[in-house]
Structure formats: C-alpha cells, structure tokens
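**Student:** How does the following fold in three dimensions:
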Amino acid sequence: MPATRPSSDQILHRLSSSEYEIKLKAIREVKNQIIGNRTKKLSYIKLGVAPAVAVALAEANADSDSGANLIVQSAAVLGSFACGVDEGVHAVLDTGAFPHLIRLLSVADEKVVDAAARSLRMIYQSKLAPKFDFHKEENMDFLLSLLRSENENLTGLGAGIVIHSCQTRDEQNILSDAGSLEKLISGLDGSISQRDASLESIATILKKNPGAVAKFAELQNGRALRSVIELTKDRHSRTRLLACLCLICIKNSSSRVLQDIAIKTKLIYILLELLDDSGQVGEEASFAFSSLVAGKEDMQKLAFEANAIDKFYNHLQNCDLHPKRLEGIFLALADLCSKLECCRARFMSLQVLNLLINALTHDEANVRTAACICLKTVSRSIKNLSAGYFMNERIVIPLVRLLSDLCTSVQVAALGAISNIVVDFTPNKSTFIQCGGIKELVHLTKSMDSSLRLNAVWSLRNMIFLADKMCKEAIFMELTASSVASLICDPEPSVQHQALALVRNFVDGCMDCVEFAFAENGIILDAVGRQLKKSSRVEIIIQGMYAVSNIASGNEFHKEAIMQLLFPEEESGSHSFLSQYLHNNDSRLRTSSAWIIVNLTAPASPGAFGRIAKLRSYGIVSQIKRMASDPCMDVKLRARIALGQIISFGDS
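**Tutor:** Here you go, the predicted structure:
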C-alpha cells in the first residue's frame, strides 16, 4: 500500500489513543490532508475517521488548555469534512457531533466558540443541514443571541441558519416580528463576510413578502434600504451582486418600493457588468438578471435599451463557458424575449439561434433545459413562426431526440418549445412528422409523469391547430380514439383541460373532421359528455363546450348526436347542463354555450325546425331571448344570431 494512502488501522488507532499528543497530532494530520482536497475527504470518510474525530470532540474538556486545543482541531476537521461535500455533511451529522458543536457555542473560551461556529457555518452551507424551527421560543432566542453577538463567526452562523431554514411566509413573518431584520442590518456595516451574510439573509426574509418589505423600508427612517442601495457600489463584486439580489427581492415583492426608473436601470447595468466576473459571481449574475426582468415588460424594455441581448451574445461566443454560466445566460435570454418582439428580433438578427441549437445537445442536462426554455420564448413570435424559422431539421431533430432524454426536466422543457414551434403558421408540418415527433408525443401522453402527459397533449393540441385533414388523420391514427378518451378522463384536471382542447381542434374545420369524435362507437363524444356533467372546473367545461359546438356544426347525424348528449331521453330537458351553463356567471361559458345553439339551429339544416321545437320545450329558447341583452358583447352577439335563426322558423 502506498505511503500516501491513509491506513484504516493506523489512523483510527492514533485518533482513539489515550495519549493527548498522539491524538492531537493525528487530528492535525487529518485536517492538513483534507482541507481543499475532496478526494482525501471522501477517502477518510470511507475509513470512518469522522466518528473517531467526533468522539474526540465530545470527550475533550473545554475548561483545560489541552482539551480546548483538541476541541478546536476536531471542530476544524469536522467543518472541513462538511465543506462543499454532501457526503461529508452526512458523515458529520451521523456522528452526532451537531448538538455538541451547538453546546460549545456557550463556553467561555473564545477559541472554542470560534471553532465550533466555523464548523457549524460549513454545515449550514449545505441543504442537508438541520432545519431550525422558528416557532419554538428557545430557538428564536438562540438565533437572536447569535445575530446580536459581536463575534463575526456567530453572526455569520445566525445568518446562515436564516438562509437555510427560512422557507415559508409564516417563518419570514416570525423572524421579521422578532426583530431579526434590525439585527441583520447592523451586519451591513461589518466585515465583507458579515455584509454578504446579512444581505443574503435579509433577502431571504423579504422574498415575496410585501409586509416584511414594507417594514424593512421604514426601518431607521429608510436608512437600512439606503445602506443596501449603497452596497451596490461596493468594490467587492460578490457584495454588489448580493446587494442587487436583495433589492430585486424588495422590488419584486412590493409595487411601491424601488419603482424609480433610475434604480431599475442601475440594477440592469450592474448585473450586466457583473457578467464579466470570471468566477462564481459572473455565473450567478445572469440568474439574478432573470429574476429582475422575468414577467416585467418595463424591465425587459430597459434591458433591451441597455443592449443586454448583445452583451449575453458576446459571452455565448466564448466556447469555454462553464455549464452553469451557459445555463444562466440562456435563462436570462428566455426571460428577456418572453414579451417583447423587439427583443426576439434582436435575438434572431444576432443569430443567437445558432448557438442555442448547439446547446440542445450539450452534455449537461441543465444547459439543455435552459436552451429549450429559451427556444420556447423566442418562438412566441408570430412573425418568425410564419417565416418558418423553427420548423426545420436543424431544430426539430435535436428537439425530438430530447423527448426521450433521461432527464424529465429536459423532456418537459423540450415539450414546451415544441408546443410553440408546431403551431407554425406555414401549412407544411411534415418535417416534425418525418422526424418521428408524433410517435414520441403520443408515447409521452401515456407517461406516468403528469407533467409529461400534460405537455405532450398540449403539443399535440397545438400541432393540429388549423392543420389540414391529412395531418389530423396521421396524428389521430397514431393517437387512437380510446387514448383520447382516456386523456379526457385523466386524473389530472390540467390534462383533462388540454385533452378537451385537443378534441376541439380535431373536430374543427371540414365536415369530415367532425367524424373523429365518432370513431370507435363514439367513445370520445361519450367521454366529453361525462366531463361536462361532472366537472366543476370552468376552464375544463369551456373547452368541452367548444368541442361540442364544433361537432354541432357538422351534418344532421352529428347535430342529432349532440341533441342526445345535451338532452338524454331519461332526463328532463330543464335539468340539462346546457341550461345551467347558459346562465353561468362566467361569460366565456355563456358564449360557448350560445355557440352550440347557433350551430344546432342553422337554417340550412333539414332538422333545424324539430330541434328548435325541442329547445323551446326545454326552456332553452326563453334563455336565449334573455341573453340577447347580456352585458357581455360576445354573448349578446351569439344569442342574437341564434335568436334570429330561431325566429326565421316562426316564433310562437
């Protein structure tokens, strides 16, 4: 065995020695070998060194110089094991050392307190760290004692606990009401590490919490907020980034705070400048940028004017980008292009699309996911869809391959992009079909994962939007009527909604298309009817009613089938769901219901007179008359068209 490889027997024997010097020397040796060395950490963890060090920590007497020295070295080893290695955090927590380290924070020896605090801070950098229950009074007292301490390691630990454990609005409010914000603000005037920890923990308490933001904005007559703004000018890039993130949390949480255009513009320029940082700050800057502009048209416009797309494009041209940086840039571009056509046009003119296509086959799943999300927002452009920029083999082939990706998030993101691309306003959709796209989508409609089923059905729905009969037949043959019926009755309401929208698009168009609803003895129409009778969700019912309306626009057989669906012989017509929906509070549902009456009473239809007689006997005609003065214009127009058709047969 090589001399450099630790021996289980030797090192464990020395760590458990009863002689102080031998034990201390062994602990120092472990510490020196594992600091910054992941391989050595994992090797020693496998040998069972962590439990031996934890025993040394627990047995040492903090009141003696030798015991304190042993504790300091042992705590350093345990902290090093936990630093940046989840296996190390697991190993340290499994030893039971955590409560010992907590107890050591209250001893008299400052060196011991420092060592324990540093070790605990390392643990709290991991998601595996124990979560603090802020509802317990003793825990809050302990946390506040850390935050008010003059010891930097203790205040840093307190901030770390807040960042790790504060996850809900209730927990934010407990911390805010207990005065933690006031304690954290004092850290903004401290050392670099204190400032950064305070900024991050303040942001954690304020995120998506308007009440906490309002409270923070008023603290010290606004001085606290001004201090954070001032830190965006700090010479340390990480401090500037964290100050920006804190301000973004404040801005996004409240419509009243930080709405000055100068501050908004300043945040954009700072984050674009931070992209140039070659380290972690540069990687995180694009994610911060995303949270700043996501869903906000005004911020996207300011970013466009600041040439943000050009800036991101320049970074993308660097072939050696770290995957995390690449992911962040594509997500930032996705948010930038989500609303404004000018941003999408600039994206296309710079030919960023070529770099995005390359990213679809990247080794890292997160990069592939981000590229798909970006493609989804860029392809929202009707102009670019109409030009057929996306329905080509360079894009379609890698996207279809991603539908069978091993990572579910990649599959979902690819489906999102495909949903937009297949809307394609050009009549030729054969590229997607020839690449095997339909087979993959149909396969995913049977997935056990509801998010995959939902997005697969959504993509198929968009695929057949305004598609010709041949395209619909090709898809229907692959999908089958029984599968469509199953999707209509899916356990997930969101899938039901998209499945009914899929049927609506299938039966829209020429008369032959209506026949899709009657395949396999009308299994699809039966499923639609069941949903319309039992569903309590308006969005689902609206799609179902429009599907029925499209079927009712067909021939006599189709119209009579709809009459039977609406008014089964065994039920009284006055109890029909149609009657209920005609006076529903939702105008969209009243509109779709009125459309059904329009299509059933078309004067050119031979059976219209008989159907009108039935509708009158069921009280539907009386309802239509009242709807002719509906406050909603869409409802009023459809009702008047229906009423005009009914009256043309005579009004009695």
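
**Student:** In three-state terms, how would E150 be classified?
**Tutor:** coil (DSSP: H, G, I helix; E, B strand; the rest coil).

**Student:** For it, grab the count of nearby residues.
**Tutor:** Using other C-beta atoms under 10 Å, E150 has 7 neighbouring residues. C-beta: built from backbone N, CA, C; applies to glycine.

**Student:** Let me see the backbone angles for it.
**Tutor:** Main-chain torsions, E150, degrees, to the nearest 10: phi -90, psi -10.

**Student:** okay, and for the chain, where does confidence drop off?
**Tutor:** 1-9, 424-429, 570-574, 651-652 (pLDDT under 70).

**Student:** 80 - rerun?
**Tutor:** Confidence mapping of the chain against pLDDT under 80 gives the ranges 1-9, 319, 424-430, 570-575, 650-652.

**Student:** For the strand or helix carrying K311, buried residues please.
**Tutor:** K311 belongs to helix 308-316 when assigned by DSSP states H and E. Neighbour counts over helix 308-316 (16 or more other C-beta atoms under 10 Å) mark 308-309, 311-313, 315-316 as buried.

**Student:** which residues does the residue most central in space within the chain contact?
**Tutor:** Geometric centre of the chain, nearest residue: S409, 10.2 Å, by C-alpha atoms, centre = their mean. By C-beta atoms under 8 Å, 6 or more residues apart in numbering, S409 lies in contact with 365-366, 369.

**Student:** Please repeat the previous calculation with a cut-off of 6 Å.
**Tutor:** The neighbours of S409, taking C-beta atoms under 6 Å, 6 or more residues apart in numbering as the test, are T369.

**Student:** elements contacting the helix holding K311?
**Tutor:** If you count contacts as 3 or more C-beta pairs under 6 Å, 6 or more residues apart in numbering; DSSP states H and E, helix 308-316 packs onto helix 323-336.

**Student:** Tell me the secondary structure of the closest residue to R238 other than its chain neighbours, please.
**Tutor:** Nearest non-adjacent residue to R238, counting by C-beta to C-beta, 6 or more residues apart in numbering: V281, 5.3 Å away. Of the three states, V281 takes helix according to three-state DSSP.

**Student:** one step back: okay, the angle between the helix holding K311 and helix 323-336?
**Tutor:** Helix 308-316 and helix 323-336 are oriented at 160 degrees to each other (axes from the mean of the first three to the mean of the last three C-alpha atoms, to 10 degrees).

**Student:** List the neighbours of helix 308-316 that are in contact with it.
**Tutor:** With contact meaning C-beta under 6 Å, 6+ apart, helix 308-316 is reached by 272, 329, 333, 346-347, 350, 352, 355.

**Student:** could those be laid out in CSV, adding secondary structure and neighbour count?
**Tutor:** Shown next, in CSV, are the contacts of helix 308-316 (DSSP: H, G, I helix; E, B strand; the rest coil; neighbours: other C-beta atoms under 10 Å):
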residue, secondary structure, neighbour count
L272, helix, 21
I329, helix, 29
L333, helix, 30
R346, helix, 19
F347, helix, 23
L350, coil, 16
V352, helix, 23
L355, helix, 18
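
**Student:** which among the residues you listed gets closest to G295?
**Tutor:** G295 lies nearest to L333 out of those, by C-beta to C-beta, at 14.9 Å.

**Student:** close enough to count as contact, that closest one and C374?
**Tutor:** Yes: the criterion here is C-beta atoms under 6 Å, and L333 meets it with C374 at 5.1 Å.

**Student:** Now render the contacts of helix 308-316 as TSV, adding distance to K469.
**Tutor:** Formatted as TSV, those follow (distance: C-beta to C-beta, whole Å):
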residue	distance to K469
L272	50
I329	43
L333	38
R346	39
F347	35
L350	40
V352	37
L355	39
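
**Student:** need the next SSE after the helix or strand where V112 lies, C-terminal direction.
**Tutor:** Applying DSSP H and E as the criterion places V112 in helix 110-123. Later in the chain than helix 110-123, the nearest helix or strand by DSSP H and E is helix 137-147.

**Student:** For that following helix, list every residue counted as buried.
**Tutor:** 140, 142-144, 146-147.

**Student:** For that helix, enumerate the helices and strands it packs against.
**Tutor:** By 3+ C-beta pairs under 6 Å, 6+ apart, helix 137-147 packs against helix 152-165.

**Student:** now the angle from the following helix or strand past the helix it packs on to helix 137-147?
**Tutor:** Per DSSP H and E, the first helix or strand lying C-terminal to helix 152-165 is helix 169-177. Interaxial angle, helix 169-177 versus helix 137-147 (the same axes, to 10 degrees): 50 degrees.

**Student:** Next up, the contacts around the residue lying closest to L184 once chain neighbours are set aside.
**Tutor:** Closest residue in space to L184, ignoring its immediate chain neighbours: S198 at 4.7 Å, by C-beta to C-beta, 6+ apart. S198 sits next to 159, 184, 187-188 when contact means C-beta under 6 Å, 6+ apart.

**Student:** who wins for neighbours among these?
**Tutor:** A159 (29 neighbours).

**Student:** Now do the same for the residue lying closest to it once chain neighbours are set aside: helix, strand or coil?
**Tutor:** Leaving out its chain neighbours, the residue that sits closest to A159 by C-beta to C-beta, 6+ apart is A197, at 3.7 Å. With three-state DSSP as the basis, A197 sits in helix.

**Student:** How much space separates A197 from L321?
**Tutor:** As for A197, its distance to L321 is 29 Å (criterion: C-beta to C-beta, to the nearest Å).

**Student:** okay, these two: which has more neighbours?
**Tutor:** Taking neighbours as other C-beta under 10 Å, A197 and L321 compare with A197 leading, 25 against 18.

**Student:** didn't that one look like it was pressed against L157?
**Tutor:** No: using C-beta under 6 Å, A197 is not in contact with L157, being 8.9 Å away.

**Student:** contacting residues around stretch 200-215?
**Tutor:** So stretch 200-215 is contacted by 159, 162-163, 166, 169, 172, 175-176, 184, 216, 242, 245-246, 249-250, 253-254, 257 (C-beta under 6 Å, 6+ apart).

**Student:** swap in stretch 218-227?
**Tutor:** Stretch 218-227 has contacts (C-beta under 6 Å, 6+ apart) with 185, 188, 217.

**Student:** Apply 7 Å and report the result again.
**Tutor:** By C-beta atoms under 7 Å, 6 or more residues apart in numbering, the residues outside stretch 218-227 that reach it are 181-182, 185, 188, 216-217.

**Student:** Then stretch 561-581?
**Tutor:** Contacts of stretch 561-581 (C-beta under 7 Å, 6+ apart): 525, 529, 532-533, 541, 545, 548, 551-552, 589, 593, 596, 600, 611, 614, 617-620, 623.

**Student:** circling back: quick one: the residue nearest to R238 and L271 touch, right?
**Tutor:** No: assessed by C-beta atoms under 7 Å, V281 is found out of contact with L271, at 10.3 Å.

**Student:** So for those two, which residue has more residues nearby?
**Tutor:** More neighbours surround L271 than the other of V281 and L271, with 30 against 19 (other C-beta under 10 Å).

**Student:** Not counting its neighbours along the chain, what's nearest that one?
**Tutor:** Per C-beta to C-beta, 6+ apart, closest to L271 is F289, 4.6 Å.

**Student:** can you tell me the helix or strand for that neighbour?
**Tutor:** Here F289, judged by DSSP H and E, is contained in helix 280-293.

**Student:** Contacts for the helix or strand following that helix next, please.
**Tutor:** Using DSSP H and E, the helix or strand that follows helix 280-293 in sequence is helix 297-305. Contact partners of helix 297-305, identified using C-beta under 7 Å, 6+ apart, comprise 264-265, 268, 292-293, 336, 339-340, 342-343.
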